[in-house]
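Build me a model from this:
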Amino acid sequence: MKKRTKAKTVTKKTKVTASKSSKTVTKEKERAFRFFDNREKYLMFVTTCSEKTAVAERIGQELKHVKPGEQALRVFDAGMGDGSVLSYVMRHMHREFTHIPWVVVGKEVSMEDARMSLEKLSDRLSEHPETVFALTNMYYSEAPRLRPNSLAAASSLNWHQVALDGDTSHQFAQQIAGLHDILASDWQVKSSPKTGNPMYERPSVLIVYRKDREFLLKPLIPKPGEIEGKYDLVIASQPYRARTDVKIKVKNVIAPLARAIAPGGRMVTVQSYGNDPGLEIINNIWPDEKPFKTSRDALLKEAKAQLNESDDRDLVFRNIADKQSLFKYHLHTMPSEVGSNIGTSTILAAWNAAVYVAQIEDSRLADIMTHGDYLEAARDVVQKHSGLWFNDESFVISRKS
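Model prediction:
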């Protein structure tokens with residue numbers, strides 16, 4: 001395996017201080033804790049629900065409108081999670097753009113999610129050899145260009161470029177497993193003093209591609225400080241907390257991602273919609289709970305207002321109809337599991353999915369789960385609908401050619 005360092009690599013290792021900070025964390029930071037960082041709920045949700053494949057199908061519908069740039073198709077995933085959505089989308093991409101080189105950049109601050117995303121990469125490199133994949137932990141405003149905003153952060157940039165030997169998925173998987181030490185070192189996080197959200201200790205980039213395609217891909221391999229940061233497809237699946245104010249959602253997430261859209265490119269954003277059995281479970285416990293307050297219409301309106309600049313006046317804020325925007329995904333169940341005697345594991349999975357999607361904080365769950373009302377609430381809804389499903393909504397921002 002060939003490894004090259006293209007930028008200054010920090011040799012001094014930063015001690016992990018998570019255990020110490022957890023003892024001194026304030027109640028304010030506990031309230032600000034990002035729900036999507038709860039690993040147990042997240043992993044149970046991913047394995048018991050079909051949202052990842054449903055989101056990938058929705059994004060796949062947009063590929064027929066995507067026009068690759070002169071040298072390659074460039075894709076940016078604004079929050080990979082465990083890499084499932086991106087992996088499924090890359091399958092769609094291979095069908096649509098079989099013989100076109102790709103440059104795929106994924107943002108993920110979680111070390112565990114970054115690891116799981118890399119593990120899915122070996123099959124994609126085997127199917128589509130002409131792929132350059134870059135993984136980064138930078139912020140939304142930095143990640144598209146793979147360049148930190150501040151000089152201090154840029155001076156500590158970790159940049160790894162890895163060419164994988166071989167031509168089989170198994171060979172790639174073995175070498176990718178050897179990259180986990182890089183993640184353990186470079187994907188350390190700290191808590192924001194203002195919000196409690198995780199922030200990178202050091203900005204990092206890991207670039208992976210096949211060595212046997214190096215001659216062809218060399219002009220496409222990102223180099224520090226030389227990335228334009230424009231993409232033909234930007235994926236933004238659940239990129240923010242549902243209860244965040246609309247202005248902040250746009251300022252911190254939507255706007256910087258929209259600026260990264262290349263001419264002729266498009267960004268697909270997916271967020272929870274509600275009005276489904278999942279929210280019915282929540283309202284059985286919290287009747288006044290309304291977690292999904294910001295509609296796509298409000299986001300598009302605010303995005304248009306904030307992006308009304310000379311460089312971005314060619315952006316198109318497409319307000320699509322519900323028929324195209326809305327889609328549903330399901331809790332995986334067998335028909336025999338949703339009859340009169342629903343198993344405890346199914347009820348627990350339904351409850352977990354409902355509170356995960358509604359982003360109910362652990363502090364609020366603790367009191368409710370001291371008695372069995374929450375199980376009855378989930379059981380009643382699953383029996384009523386002979387299953388459980390959730391609604392997502394999507395919208396598209398594009399840039400004129």
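
For the stretch 251-400 of the chain, give me the ranges with low pLDDT.
336-341 (pLDDT under 70).

Which parts of it are helices?
Listed in chain order, the helices of the stretch 251-400 of the chain (DSSP state H, counting those that start in this stretch) span residues 255-258, 277-285, 296-306, 322-325, 344-357, 362-368, 373-385.

residues contacting the residue nearest the centre of the chain?
Residue closest to the mean C-alpha point of the chain, counted by C-alpha atoms, centre = their mean, is Gly79 at 2.5 Å. By C-beta atoms under 8 Å, 6 or more residues apart in numbering, the residues touching Gly79 are Lys107, Glu108, Ala236, Ser237, Gln238, Pro239. From N, CA and C alone the C-beta is placed, and that goes for glycine too.

Between the residues you listed, which sits nearest Ala262?
Ala236 (15.3 Å; C-beta to C-beta).

List phi and psi for the closest one.
Dihedral pair for Ala236: phi -130, psi 80, per degrees, to the nearest 10.

so who does it touch?
Ala78, Gly79, Val253, Ile254, Leu257, Met267, Val268, Thr269, Val270.

Relative to Glu108, how far out is it?
Distance, Ala236 to Glu108, by C-beta to C-beta, to the nearest Å: 13 Å.

cool, and Trp159?
Computed with C-beta to C-beta, the distance linking Trp159 and Glu108 is 17 Å.

So between the two, which is more surrounded?
Between Trp159 and Glu108, counting by other C-beta atoms under 10 Å, Glu108 is the more crowded of the two (26 against 22).

Dihedrals phi and psi, the closest residue to the more buried one other than its chain neighbours?
Once flanking residues are discounted, Glu108 sits nearest to Met80: 4.4 Å by C-beta to C-beta, 6 or more residues apart in numbering. Main-chain torsions, Met80, degrees, to the nearest 10: phi -70, psi -30.

Check the one 3 residues further on too.
In terms of degrees, to the nearest 10, the main-chain angles of Gly83 are phi 90, psi 0.

Who are the contact partners of it?
Contact partners of Gly83, counting by C-beta under 8 Å, 6+ apart, are Gly106, Asp113, Met116, Ser117, Leu118, Glu119, Lys120, Leu121.

which residue packs closest to it, ignoring adjacent ones?
Ser117 is the one closest to Gly83 (C-beta to C-beta, 6+ apart), at 3.0 Å.

rewinding a little: what is the nearest of the contacts of Gly83 to Asn283?
Proximity of the contacts of Gly83 to Asn283 (C-beta to C-beta) peaks at Asp113, which lies at 30.4 Å.

does that closest one belong to a helix or a strand, and which?
According to DSSP states H and E, Asp113 maps onto helix 111-119.

Any buried residues in that helix, and which?
By 16 or more other C-beta atoms under 10 Å, the buried positions in helix 111-119 come out as Met111, Asp113, Ala114, Arg115, Met116, Ser117, Leu118, Glu119.
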